Every structure is written in structure tokens, then in C-alpha cells.
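Student: Sequence isn't available, so here's the structure alone:
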């Protein structure tokens, strides 16, 4: 692989497929002159999309044909076994073969995880890949993992998530020693289940900046850079967060529609509300990374629009630049070596 | 116990103790002429607070002396074993002895749960009490349990939570057949852990209006009346929700402070924003119920103010009126009888 970053895009994935992926790809190419992209999917469709956008520079954006596509609600095992020529699979193959440095897909999360794990394999010492994403906090972003790849986790899995999250954030956010918290609950008697207590002991021995237990609200206070939890809890937290934000934004809109006076007030407040809305715009933090694989895979939200999908491509660019899988691999190898050839 | 509702208040509990409890108590007495309250705590202090408020009608608000109080960060087992004359314990004793129909405390949750369970015991057929609270949704309220009493739950516990939540909401919200959802995650391959899948089968056989799996965002869409989950996940979801709401309200305030124009816009929008803020004001839904006990116990937020604590007392009033523990007991007995003397 040359030094030019190349990213393979699953152009058929997501709710909107090429209609969103192609314009987003061209936006990112305009912003980053060193980047090259490979659009993977139905060649005729993609050629048409590129032509209608007036783009013809094949040295920067090429097409790789794939005859199938993974449906949004298809079972991951079916997608893995039955669709060897899906746009998702072919895009991941390009990463495995060193032709692309990363793959971005807005397709079915379960299928993406299953295919990526099967094709790329996990980094030695990592049992399971995890999904990490950034959510806005009061003073920037908090990175949360796992967001749904693993529902039944052991303490050792949580420790591996902590190490992977630490290395990712250190690399891509340029934070020299990011802080890691383990999600727990604060009730006095119980203070978490056994798995969480044991995970805290393991993470404390892992030579990362572990600050101990944090609670759900700490995701948003900005007290900690990385929050570690199992995929069930992480997914519920993320969905809860989306639900509250949506309810509040809808409530705000309704409030300003109630009377003539509030309508006028709303119009006057609009510019300020737009600034506010932009800060919490989920498109600005689209792009969740599948960590722990021998290659970079970024998952875009299924209903991402052009702006959001472009942002997911830029997440992948950053990870290529910082060689995130290599850094995770090195850190894990160090810990294993320090423990005389075993992880714990 | 007569037909007059009597509620015992742990007057020393919470971050503010009698300073908040006494004024809140008097507010509620003014609003509900049939109600009687017992303030439990240090007699001299309480007498002083009542006198300074100009209140002297001992037939409506009496004082029961208790020489100790449970600290906010005290271990529940220590509070249970070591402080037999705490205001919390004495208030719960009044419920056990039939002198009060309910107890309200803003004290330490773990201690309240431990003491209530020890003194009142659980309803036959219920293994563990659970904490339920209502959170605002797009079209009213959603009731979520468990919120932290139980971190390691079996499928059978989740089923018992579902039944208790159903009976509570049916009774106090006057919804004839409220809908119950089981919190899960939506990723395709995994669709929840084994415990959740098994719980879904058990709840489906329990003759309540079970709508199946829901996700974190459904807490706020208003699609479902009751959301069932284990205490770890429920607590994280609640804290996440509080965190997002706080971040957004702070972000909104900062937005309107940015420039002279946005300040003026903020002033003009203020009445509308106040209406909006009131709708999501957490004081309006203070008061979480400990369900599954042979008596009514309501937990107020520790830092509740006068308005919030008054609302928790009113939650207890509603549960007395509707005899919630009896309804849960009857429903559980029916299910056990239908299953030939066993729960499952």
C-alpha cells in the first residue's frame, strides 16, 4: 500500500445507497486533495451517479463492481455465507488485500461486524471487536464503547475495550494520555455487578489512564475521554441519548409554535437556536469505528445524509493516518509480553 | 387503618432534611384537606420548623421523635443494623404497624431499600422489590423499572417487574390496559442476551399487555407505558437521560449569552423557553416507588426542593388511594394459582 490514503466505500449500503454515498465521496475528495476513493457496488449505477455529478477523474475515484448487496434487515450470518459478492464484502476484501487502507459502510451493523471479523480477523490478543463512537459532551466529545457488538461480555473483554479505546483516542484526538472510565451505577449497597468490579481491577493493571467508575451522566459532563461498558448497556445509553435529544428538540419546536407571540419569539431566536442545533447535530459525529480488527472499518449511520456520510469517511482518513490498528496491536503485544505471554 | 390517608415522612432524609420536608409537607396539606402527615425525626428541630411556618394543627401534622438519622453515604447494612431509631426506620415502622399508609423519604436509596425490605417484607411471590419512576415522553410519561435496586436479575425477576409495573400504572394512571415493553437492543445478529430473550417468553405468558422488545429511544417516544429492564441498565439509562437534558439546557443558556443579539433574542424567547422548561422540569416527576413490598414506600430525589418533595408525597397519596400493594398481591396470587401453585 502506498502512502496515499485509499478508502473503499460500500456504495450500496445504508438507507439511501449511491444517492448519498457518491455526493459525499465527491465532497470529501474536494476537501482532501491527497485522498483516493474506491466506490464498490453496481458499476452501471455508480457510473451514472458520477456522470450526473460531472465527475470523471478515475485516478481519484474508481469503481469496483459488486453484483450483490446486503439488505438492511438481512441476518448477518446469511449475508456472510450467502453474499460473497456483496458491495460490503468486496469493500472489506480491498482492506484485507492492502488495496484500501479502510472501508466505510452505512449498511447493516451486524453484517458489517460479522463480515469484517471473518475477512480481516481480530488483532492477536483481542477476542472480540467493539464499536466505538463519539458523542458530544459539555466541553467536546466523549468516546463510548462498546455500542452493541457484544451483549454478553466478561471482565476481560471490558479490559480489552478499555485498551482499544485508549489507543484510538490517544491517536486520533491527539490527547497524550486520555482518561478512561468504566460505566457503573452509584447506588450505595450494590455499586455494580461482579463483572464490573472485576473489570475495574483488570483495567487498573493495564497501564492506561484509568479514572475508575463513572455514571451515565458522566458521558455528557466531559469529565472523562473514554467510557467503557458492555454492548447492551452502551447501546441502550446511546439510544436513550438520541431519544431525549429528539424529544427536547421537538418540544422546543412545539413550544415556539404555541402562540403568535411565541412564533415571533421563535423567529427572533432562530439564529441562536441554529448555532445551538449545529453543536449537537448528530451528523457532525457520524462514523463509529469497529475496533480490534486487523484493518480499519467505519460504520456510518444507516440513514446518514451527504454531510454525515462525508464525516464518516473523514473518521476513516484519520485512523489511516494514525495507523490505529497497529497501535492497538503494539499496545496489546506489550501488555501480553509484560505478563509473560498471557493477557491477564 | 382508617380511610383518612396518613403518610409518614422521613423528615431528616435527603440533602436538605427538615428545611425542605416541612414546607413541602405544609404545601401538600393545604392542597389536600383529607390528608394527614407524620413528620419523623428530631422532635425539637421539627417543632421549631413547624412553629416558624406558623403551623400548629397537630391533628393534621404530628411529630414522631426519632433520635438518629441515616447519612446519605452510609452503607445500607450499617444503617439497617446500627440505627434502629433512625427517622427512616421509624417512618417505615409506622407503615408496618398500619399507622401510616405510606412512607416518603429523600434519604439514601440503598438504605431505604434495605430497611423497607427488612421491615415490610416482600409480597408473597415477589423475590425482589424494584424501583419505578416516570420520565417525560413526547406525549406524557413513561414508567421505567428497575432503576437500580437490582443489578443482577434473572428472567423471572424481569417478569415480576413487568407485572408490578403493569399493576401500578393501571391503578395510578387510570390506564385500563397499559402497554409493557422489555428493553433490548436492535442489532440484528444478537438481539439481546439470553436473559432478555427468556424474560420475553415469561412476560408473554403473564396475561399483561406485553408489546415485546423496545429500545432506549422508546422511553421518550411515548410508544409504550412501561419499560422493563434490570437495575444496572435502568440506572444507566436514567442517568444518561439526566446528563443529556442537563447538557442541552446548559448549551441553550450559553447559546443565548453569546452576543448582544442572542441575548435580546433570549429575552424575547424567555416566556416560551420557560413553558418548555416546565414541561421537562424533573421536579414535576420526582417520586420513585419501591414496588413489591407489603406497604408503600416512595423515594424522593436526595436534592429535591420543596416543589419536588411535595410531588413525591402526592405520588404516595395516589398509591394509597389505589391500594397498589394489594393489587400487585392479587395479580401475583392469580398467576401463581393459574400455574398450579408455582410462579412460572
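Tutor: Nice, I can see it. Since the structure is predicted, the reported quantities are computational estimates derived from the model, not experimental observations. Numbering: from 1, shown residues only, chains lettered A, B, ... in the order given.
Student: Please count neighbours and contacts with C-alpha atoms only from this point.
Tutor: Noted.
Student: how long is stretch A:314-331 from one end to the other?
Tutor: 24 Å (CA to CA, to the nearest Å).
Student: Other residues contacting it?
Tutor: Contacts with stretch A:314-331, where a contact means CA atoms under 8 Å, 6 or more residues apart in numbering or on different chains, come from A:5, A:7, A:28, A:101-104, A:123-124, A:163-164, A:167-168, A:171-172, A:287, A:291-298.
Student: for it, which positions count as buried?
Tutor: Judged by neighbour count using 16 or more other CA atoms under 10 Å in any protein chain shown, the buried positions of stretch A:314-331 are A:314-317, A:319-320, A:323-329, A:331.
Student: Buried members of the contacts of stretch A:314-331 into PyMOL, please.
Tutor: A single PyMOL command selects the buried members of the contacts of stretch A:314-331 (16+ other CA under 10 Å):
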select buried, chain A and resi 5+7+28+101+102+103+104+123+163+164+167+168+171+172+287+291+292+293+294+295+296+297+298
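Student: Keep only those of the contacts of stretch A:314-331 that are in helices.
Tutor: A:28, A:163, A:164, A:167, A:168, A:171, A:172 (DSSP state H).
Student: State which helix of chain A is the longest.
Tutor: Chain A, longest helix under DSSP H: helix A:231-255.
Student: tell me the two of the buried residues of stretch A:314-331 that are most distant?
Tutor: Using CA to CA, the buried residues of stretch A:314-331 reach their maximum pairwise distance at A:314 and A:331, which is 24.4 Å.
Student: So is stretch A:219-233 next to chain B?
Tutor: Yes: residues of stretch A:219-233 contacting chain B under CA under 8 Å from any CA of the partner chain: A:219, A:220, A:221, A:232, A:233.
Student: Okay, buried residues for the lowest-mean-pLDDT helix or strand in chain A please.
Tutor: Least confident helix or strand, chain A: helix A:260-279 with a mean of 73, by mean pLDDT, DSSP states H and E. Buried residues in helix A:260-279, counted by 16+ other CA under 10 Å: A:262-263, A:265-266, A:268-273, A:276-277, A:279.
Student: returning to that earlier point: can you pick the most crowded of the residues of stretch A:219-233 next to chain B?
Tutor: The most crowded member of those, judged by other CA atoms under 10 Å in any protein chain shown, is residue A:219 (31 neighbours).
Student: Which residue, other than its chain neighbours, is closest to the residue positioned nearest the centre of chain A?
Tutor: For chain A, the residue nearest the mean C-alpha position is residue A:288 (0.6 Å; CA atoms, centre = their mean). The spatially closest residue to residue A:288, leaving aside those adjacent along the chain, is residue A:133, at 4.5 Å (CA to CA, 6 or more residues apart in numbering or on different chains).
Student: quick one on the thing from earlier: for residue A:201, state which of the buried residues of helix A:260-279 is nearest.
Tutor: Once CA to CA is applied, the member of the buried residues of helix A:260-279 that ends up nearest residue A:201 is residue A:279, at 36.4 Å.
Student: so which of the buried residues of stretch A:314-331 comes closest to residue B:84?
Tutor: Among the buried residues of stretch A:314-331, and counting by CA to CA, the member closest to residue B:84 is residue A:331, at 53.2 Å.
Student: Can you tell me the SS state at residue A:132?
Tutor: At residue A:132 the chain is in strand, as set by DSSP: H, G, I helix; E, B strand; the rest coil.
Student: list the contacts for it?
Tutor: Taking CA under 8 Å, 6+ apart, we find residue A:132 in contact with A:143, A:144, A:145, A:146, A:147, A:165, A:288, A:289, A:290, A:291.
Student: Pull the most distant pair out of the residues of stretch A:219-233 next to chain B.
Tutor: A:221 and A:232 (21.8 Å).
Student: ok so, going back, what's the distance between the longest helix of chain A and the middle of its chain?
Tutor: From the chain centre to the centre of helix A:231-255 is a distance of 18 Å (CA atoms, centre = their mean, to the nearest Å).
Student: Also stretch A:82-100?
Tutor: 19 Å.
Student: what's the model's confidence in that stretch, averaged?
Tutor: The average pLDDT within stretch A:82-100 is 97.
Student: Name the residues that touch it?
Tutor: If you take CA under 8 Å, 6+ apart as the criterion, stretch A:82-100 is touched by A:1, A:5-13, A:40-42, A:65-70, A:101-103, A:105, A:107, A:112, A:115-116, A:119-120, A:295-297.
Student: which regions of chain A sit below the pLDDT cut-off?
Tutor: Within chain A, the stretches with pLDDT under 70 are A:1-3, A:187-192, A:341-344.
Student: For it, which segments are assigned as helices?
Tutor: Counting by DSSP H, the helices of chain A are A:18-31, A:43-52, A:76-82, A:87-96, A:109-120, A:155-172, A:194-204, A:218-221, A:231-255, A:260-279, A:306-321, A:324-338.
Student: Now do the fourth one against helix A:109-120, angle only.
Tutor: Orientation check (axes from the mean of the first three to the mean of the last three CA atoms, to 10 degrees): helix A:87-96 against helix A:109-120 gives 30 degrees.
Student: Buried residues in helix A:87-96, which are they?
Tutor: Of the residues in helix A:87-96, those buried (16+ other CA under 10 Å) are A:87, A:88, A:89, A:90, A:91, A:92, A:93, A:94, A:95, A:96.
Student: Now residue A:125: closest residue in space, sequence neighbours ignored.
Tutor: Nearest residue to residue A:125 in three dimensions, chain neighbours excluded: residue A:332, at 6.4 Å (CA to CA, 6+ apart).
Student: Which positions within stretch A:103-118 qualify as buried?
Tutor: Of all the residues in stretch A:103-118, those buried under the rule 16+ other CA under 10 Å are A:103-117.
Student: Please identify which two of the residues you listed are farthest apart in space.
Tutor: Going by CA to CA, the pair spanning those furthest: A:106 and A:117, at 16.7 Å.
Student: Please report the distance of residue A:8 from residue A:63.
Tutor: Residue A:8 is 10 Å from residue A:63, by CA to CA.
Student: Overlap in contacts, these two.
Tutor: Common neighbours of residue A:8 and residue A:63 (CA under 8 Å, 6+ apart) are A:38, A:39, A:40.
Student: what domains does the record give for chain A?
Tutor: A:1-123+A:292-322, A:127-285 (automatic domain parsing).
Student: Which among those is found nearest to residue B:32?
Tutor: domain A:127-285 (31.4 Å).
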